[in-house]
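Asks: Sequence plus the predicted model coming up.
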Amino acid sequence: MKTDKVHNGSEGRREELERCINDAADGLLSARDIKKLEEDLVHFPDLFRDYRDIMGLPPLSKAYGAGPEGFRNDLHVHRIRQQMEQEWEQAGSFEEIAITWFKKYALVAALLIFGLTSLAYLLLPQMNIGQEDMTVQELLYPYEESYADAYVLYLDELIEQ
Amino acid sequence: MAGTSIESFNKQIAVLYPRLNRAVTAYLGGSRVDPEDILQETFLKAWRNLDRFKGESTLYTWLYSIARNLCIDEFRKQKTKNTISHIPVDEFELASDRFTGDSEREEVLLLRKAIAQLPEILRSIVVMKSIDEMSYVDMSDVTGINEQTLKNRMFRARKMLAENLKKMGVDEP
């Protein structure tokens, strides 16, 4: 258990030193911090080797020119803008067509809807309303045989009298 | 629009293009993917989805995320095996390169090859940090990885980069 704790402590220390090495490579450490880091790294020879290798790397920012200026491409930027304009025009023309079509046919569509609605209003009562009334009456006044039987008996009694 | 207007975006294309071109070119080094195709698709995709850009990150990091995702999609499509070590160093030369001498040319091309040999997860971090000079905060915006993890990976990337250069016979200074 004690060995594990020592091991974990050592791992934590290593990670801390790795972060410091990275900070040093990022140029974030002062000369004093770097001196302290190098003193600490003496106890971790493999990390000291990594530190030297990393600090010895050529400046990576130079790998692709000193800056973005060399990567200008006005022709390609122009082409991208053209493509955007084309898409914009296509989207614009679709809207225009849709609005023109709507204006042109809106009256026809409205009249058609009015005509169909009126026709339905005239024809439907003949077809369905009567049946629907029956259904409603049946629902409201359900047929019960007992009432009819009572009425027939009542008439019979009257005749007999 | 909370993020940026169409007019503003249109103006910024010319400003942001060179920086993004440099980063994408570095990221794609050694692959068969054309940076110009990726850049064109990036700007068009961003333009089509401009209403989704809320300005929570910078326009550049948003574009960078789109470009990076497009590159990863291309890598997946191509399923390229890691054969970069077999690519001759001369193939890392760009048409726009202006070298002062042969030694500078050799150093730069070897460095490009060493970066290209890194696994994607480390290469993208090296490109963002060392070539594009992004802050760890912006890198975190692009990748969705926390800053501490990014720093740990940057250490691993630098270590591996030094190993790659040693393998290619580049001596320590």
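Replies: That came in fine, so what should we check first? Numbering: from 1, shown residues only, chains lettered A, B, ... in the order given.

Asks: Who are the contact partners of the most centrally placed residue in chain B?
Replies: Geometric centre of chain B, nearest residue: residue B:27, 3.3 Å, by CA atoms, centre = their mean. When contacts are counted by CB atoms under 8 Å, 6 or more residues apart in numbering or on different chains, residue B:27 touches B:68, B:71, B:123-124, B:127. C-beta coordinates here come from the backbone N, C-alpha and C atoms, glycine included.

Asks: Can you flag the buried ones in the residues you listed?
Replies: For those, a neighbour count by 16 or more other CB atoms under 10 Å in any protein chain shown gives the buried set as B:68, B:71, B:123-124, B:127.

Asks: mind putting the residues you listed in JSON lines, secondary structure, pLDDT and distance to residue B:103 included?
Replies: Converted to JSON lines, these look like this (DSSP: H, G, I helix; E, B strand; the rest coil; pLDDT from 0 to 100; distance: CB to CB, whole Å):
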{"residue": "B:68", "secondary structure": "helix", "pLDDT": "96", "distance to residue B:103": "33"}
{"residue": "B:71", "secondary structure": "helix", "pLDDT": "96", "distance to residue B:103": "31"}
{"residue": "B:123", "secondary structure": "helix", "pLDDT": "96", "distance to residue B:103": "25"}
{"residue": "B:124", "secondary structure": "helix", "pLDDT": "96", "distance to residue B:103": "29"}
{"residue": "B:127", "secondary structure": "helix", "pLDDT": "97", "distance to residue B:103": "24"}
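
Asks: max-length helix in chain A?
Replies: helix A:74-124 (DSSP state H).

Asks: if I look at residue B:131, how far off is residue A:55?
Replies: 18 Å (CB to CB, to the nearest Å).

Asks: The two: which is more packed in?
Replies: residue B:131 (21 against 16; other CB atoms under 10 Å in any protein chain shown).

Asks: Tell me which residue of chain A is furthest from the middle?
Replies: residue A:161 (87.0 Å).

Asks: what stretches of chain B score poorly on pLDDT?
Replies: B:1-3, B:79-82, B:171-173 (pLDDT under 70).

Asks: Send over stretch B:56-66 as CSV, restricted to the C-alpha atoms.
Replies: The C-alpha trace of stretch B:56-66 is given here as CSV (Å, rounded to 0.1, in the frame of the first residue of the first chain):
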residue,chain,number,x,y,z
GLU,B,56,-20.6,32.2,-28.6
SER,B,57,-17.2,31.5,-30.1
THR,B,58,-15.3,33.6,-32.7
LEU,B,59,-16.3,33.3,-36.3
TYR,B,60,-12.8,31.9,-37.0
THR,B,61,-13.1,29.1,-34.5
TRP,B,62,-16.6,28.2,-35.8
LEU,B,63,-15.2,28.0,-39.3
TYR,B,64,-12.3,26.0,-38.0
SER,B,65,-14.6,23.5,-36.4
ILE,B,66,-16.6,23.1,-39.7
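
Asks: in that stretch, what counts as buried?
Replies: So, applying 16+ other CB under 10 Å, buried residues of stretch B:56-66: B:57, B:59-66.

Asks: do the same with stretch A:62-70
Replies: For stretch A:62-70, by 16+ other CB under 10 Å, it's A:63-65, A:68.

Asks: which pair in those spans the largest distance?
Replies: Using CB to CB, those reach their maximum pairwise distance at A:63 and A:68, which is 13.2 Å.

Asks: filter the buried residues of stretch A:62-70 down to the ones near chain B?
Replies: A:63-65, A:68 (CB under 8 Å from any CB of the partner chain).

Asks: Return the residues in contact with the closest residue to residue B:134 other than its chain neighbours.
Replies: Here the nearest residue to residue B:134 in space, its sequence neighbours aside, is residue B:128; by CB to CB, 6 or more residues apart in numbering or on different chains that works out to 4.5 Å. Contact partners of residue B:128, counting by CB under 8 Å, 6+ apart, are B:23, B:64, B:134, B:138-139, B:142-143.

Asks: Surely residue B:128 is within a strand?
Replies: No. Checked against DSSP: H, G, I helix; E, B strand; the rest coil, residue B:128 lies outside a strand; its state is helix.

Asks: Distance of it relative to residue B:155?
Replies: Counting by CB to CB, the gap from residue B:128 to residue B:155 is 15 Å.

Asks: Kindly report the same for residue B:29.
Replies: Taken as CB to CB, the span from residue B:29 to residue B:155 is 21 Å.

Asks: out of the two, which sits in the busier spot?
Replies: Using other CB under 10 Å as the criterion, residue B:29 and residue B:155 rank with residue B:29 on top: 24 against 20.

Asks: Let me see the contact set for the residue lying closest to the more buried one once chain neighbours are set aside.
Replies: When the adjacent residues along the chain are set aside, residue B:29 lies closest to residue B:116, with 4.1 Å between them (CB to CB, 6+ apart). Neighbouring residues of residue B:116 by CB under 8 Å, 6+ apart: B:29-31, B:84, B:87, B:92, B:123.
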